[in-house]
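[1] My questions concern the predicted model and sequence given below.
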Amino acid sequence: MNSETIKWSELDAEAKDRLVATKIMGWTGGECDGEIGEQPISPDGWYCQRCGYDGSWGDDFIHEERPPRYTQSMDRAWEVIRMLYGRLLFSKRREFYRILQRLVTDTTNLEPGTLVDWPDVLWLLTPEMICQAALRTIGSNELS
């Protein structure tokens, strides 16, 4: 990735997931080998049972694998936390917690300079906050 600043708020969910998957989780993507299933919502379409890719029955089933939905699923976001826990020194884990605390506080109406206390942070935490904090912690300098 180049050194341009990426505005997190301007990325769609899949782009955010791809960034987390590649920068933190070591995901490389490539051609997906998932099973194709009938699209329950649209009889004209199919979906990949592994990555969730949607296609039409006239399309080729070969598709690029979508990244796991780290920013959209708390289960997946906890995989990010487990990866960081095993990979980061204690001081970097503390930095991760401080960044999380700031991200959560930014969503509240607290007075400036006030932080949401632990464990109250956990009640307001989202998968997207976990992923954004993780990227900032590992030094993803192009993220703003």
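    Thanks, I have the structure now.

[2] Which stretches in the chain count as strands?
    36-38, 45-48, 54-56 (DSSP state E).

[3] what comes into contact with the longest one?
    In this case it means strand 45-48. Identification of contacts with strand 45-48 by CB atoms under 8 Å, 6 or more residues apart in numbering yields 32, 34-39, 53-57, 59, 61, 63, 66. Quick note: C-beta positions are derived from backbone N, CA and C, even for glycine.

[4] Out of the strands of the chain, which is closest to residue 73?
    strand 45-48 (16.5 Å; CB to CB).

[5] What residues of the closest one count as buried?
    Within strand 45-48, the residues that count as buried by 16 or more other CB atoms under 10 Å are 46-48.

[6] With just CA atoms, put the top helix by length along the chain into PDB.
    Criterion DSSP state H: the longest helix present in the chain is helix 90-105. Only the C-alpha atoms of helix 90-105 are listed here, as PDB (Å, rounded to 0.1, in the frame of the first residue of the first chain):
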ATOM      1  CA  PHE A  90       2.500  -5.600  27.100                       C
ATOM      2  CA  SER A  91       3.200  -1.900  26.400                       C
ATOM      3  CA  LYS A  92       1.600  -2.100  22.900                       C
ATOM      4  CA  ARG A  93      -1.400  -4.000  24.300                       C
ATOM      5  CA  ARG A  94      -1.800  -1.100  26.800                       C
ATOM      6  CA  GLU A  95      -1.700   1.300  23.900                       C
ATOM      7  CA  PHE A  96      -4.400  -0.700  22.100                       C
ATOM      8  CA  TYR A  97      -6.600  -0.400  25.200                       C
ATOM      9  CA  ARG A  98      -6.000   3.400  25.400                       C
ATOM     10  CA  ILE A  99      -6.900   3.800  21.800                       C
ATOM     11  CA  LEU A 100     -10.100   1.700  22.200                       C
ATOM     12  CA  GLN A 101     -11.000   3.800  25.200                       C
ATOM     13  CA  ARG A 102     -10.600   7.000  23.200                       C
ATOM     14  CA  LEU A 103     -12.600   5.700  20.300                       C
ATOM     15  CA  VAL A 104     -15.500   4.600  22.600                       C
ATOM     16  CA  THR A 105     -15.400   8.000  24.400                       C
END
